[in-house]
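> sequence first, then the predicted structure, then my questions.
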Amino acid sequence: MQNAPQPPAEQKASTSYIWFQVLGQFGVFVAFITPLAISLAIRLAELAPGRDEYLGYITGAGSLVVMVTAPLLGVLSDRTRSRIGRRRPFMIGGMLVGILSLFVMAMAPSALVLGIGWVLAQLGWGQVLQALLTSMADKLSETQRGKVAGLAGFATQVAPVVGVVIAGSFAADALLLFLLPGLVGVIFVTLFVLFTKENDTRNARFDEKLSLGTLFSKYLYNPRSYPDFSWVWLGRFLFYFGLTLNTTFTAFFFAERLGVSVADSAPIIATISLIGIVATTAGAIGGGFLSDKLRRRRVFVLYSGVLFTLGTVVMAVASDFTLLVTGSMIVSAGIGMFSAIDQALILDVLPEKDTNAGRFMGIIGFAVSIPQAVAPFIAPAFLAIGVVAGGEKNYTLLYLIAGVFTLIGGMVAMRVRSVR
């Protein structure tokens, strides 16, 4: 691409950009992750009582759609000509689809329609998030990546807590259950769109003509050409596979272990999540700032995998509230650290930043969307192992397997060579 304006590599993003970026990601996660954390489970318990496995099918279907569309939308974003730049048009369009999805899920008369709503949410809010992350690749200097990823990682871990608190307060009202978290997303994404600057790309020129064949070719790349990017992709895939196994059935897991209904588990999960903010802060912000200061990424990714695995083991054997809280705190620290440092590591090794950042951010998105699509479909098989008719599901095995995947994911990051 020619004449696509980009800041010099050493130029730093403004303080206002950083805070609007952090708030934008916070808003998306409140709107987008709250259904995954609790709202979908509450609605599903109403629409299909006793069919916990449907949640896996719904979330898996949404991730499959994103897996197919994310690189395509990333390529289109890279090549967008508009007065407001390349990323913001996709944020606006994604937000509109995301708002529609919340109404669909709130008013769904069946599990099938609920699933359709979640697919729309993945398409809409997922695209907003991808555009925000690609904007980070466009704007941030190397010395800012760890700090900003730490702040954003903290914000995106706190966001579901805020969302769960809102959902727990309005669990009986399906419309408010989905729309109030969505309103938070609309406000902060709109602020980003209105108050951050992006260069006019109406005069951008592209060397390569876009065709159907070219579009499909953008879904693939040669791993040998970018080995460090490939190792980061694999580590992220493994970590998110374990994370998805751990989080998809959280509401049902807590309800079973504590002997309460799914709806009644919402305030309990909210309380634990609020306590977990401290651990998430330590992992995300502490890890992000230390990573920039020490100029090291890999070892922090490894530590995050170790922490997460330790937490899942504690949760797997927990039978009371105290152990569940302890395990959740350790998991929160691991997730916070991974979300910050791995994002910085991605930006460090991202190929072709000037011309194809959207494309490769879409490809790295596969490392999240594939686990989110596949893991929920596989999880019911683990839950059924050793279970007699009418017996409790095997959450212990599910959580232990989740820990194994995240540990290996952290270890894979040590294979990266171009970043310490």
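Great, that's in hand.
> D207 should be in a helix, yeah?
No: assessed with DSSP: H, G, I helix; E, B strand; the rest coil, D207 is coil; it does not lie in a helix.
> what number of residues lie near it?
Residues within reach of D207, counting by other C-beta atoms under 10 Å, total 7. From N, CA and C alone the C-beta is placed, and that goes for glycine too.
> from L238, how far off is it?
Per C-beta to C-beta, to the nearest Å, D207 is found 36 Å from L238.
> do L400 as well
For L400 relative to L238 (C-beta to C-beta), the value is 15 Å.
> more neighbours: those two, which one.
Per other C-beta under 10 Å, whichever of L400 and L238 has more neighbours is L238, with 23 against 18.
> my guess is that one meets F405, correct?
Yes: if you go by C-beta atoms under 8 Å, L238 and F405 touch, sitting 5.2 Å apart.
> after the one helix or strand S101 maps to, next one along is what?
Per DSSP states H and E, S101 falls inside helix 88-107. Moving toward the C-terminus from helix 88-107, the next helix or strand (DSSP H and E) is helix 111-139.
> backbone dihedrals for the residue most central in space within the chain, both of them.
With distances taken as C-alpha atoms, centre = their mean, the residue of the chain nearest its centroid is V368 (7.2 Å). Dihedral angles of V368 (phi, psi; degrees, to the nearest 10) stand at phi -100, psi -50.
> next one: A48
phi -140, psi 70.
> going forward, the N-terminal residue is numbered 14.
I'll keep to 14 as the first residue from here, and by that count the last item is A61.
> what about it, distance to T72?
14 Å.
> okay, these two: which has more neighbours?
T72 (27 against 16).
> quick one, grab the pLDDT at the more buried one.
Note for T72: predicted pLDDT of 84.
> how about P21?
On the pLDDT scale, P21 is placed at 46.
> what does the one 5 residues further on give?
Per-residue confidence for A26 comes out at a pLDDT of 87.
> what about it, how many neighbours?
18.
> so it makes contact with L153?
Yes: if you go by C-beta under 8 Å, A26 and L153 touch, sitting 5.3 Å apart.
> buried ones in the helix or strand encompassing V79, by neighbour count?
Secondary structure assignment for V79, by DSSP H and E: helix 66-91. If you call a residue buried by 16 or more other C-beta atoms under 10 Å, then helix 66-91 has these buried ones: 66-69, 71-80, 82-84, 86-91.
> burial count for A388?
A count of neighbours around A388, defined by other C-beta under 10 Å, yields 27.
> now it: phi and psi?
Per-residue torsions, A388: phi -60, psi -40 (degrees, to the nearest 10).
> give me the pLDDT for it.
Predicted confidence (pLDDT) for A388: 87.
> and the gap between it and A357?
25 Å.
> check L396 too.
Distance from L396 to A357, by C-beta to C-beta: 35 Å.
> for P48, same thing?
Taken as C-beta to C-beta, the span from P48 to A357 is 28 Å.
> tell me where the model's unsure across the stretch 114-263 of the chain.
In the predicted model, the stretch 114-263 of the chain carries pLDDT under 70 at residues 223-226.
> let's see it at 80
Within the stretch 114-263 of the chain, the stretches with pLDDT under 80 are 155, 166, 170, 173-174, 177-178, 180-185, 218-233.
> break down it into its helices, ranges please.
Ranges of helices within the stretch 114-263 of the chain are 124-152, 155-182, 187-208, 225-230, 240-260, 263-271, based on DSSP state H, counting those that start in this stretch.
> in the first one, what's buried?
Along helix 124-152, the positions that meet the burial threshold by neighbour count (16+ other C-beta under 10 Å) are 124, 127-152.
> could you give the angle of it to helix 66-91?
Angle of helix 124-152 versus helix 66-91, following axes from the mean of the first three to the mean of the last three C-alpha atoms, to 10 degrees, is 40 degrees.
> please tell me I have it right and A331 contacts R270.
Yes: using C-beta under 8 Å, A331 makes contact with R270 at a distance of 6.5 Å.
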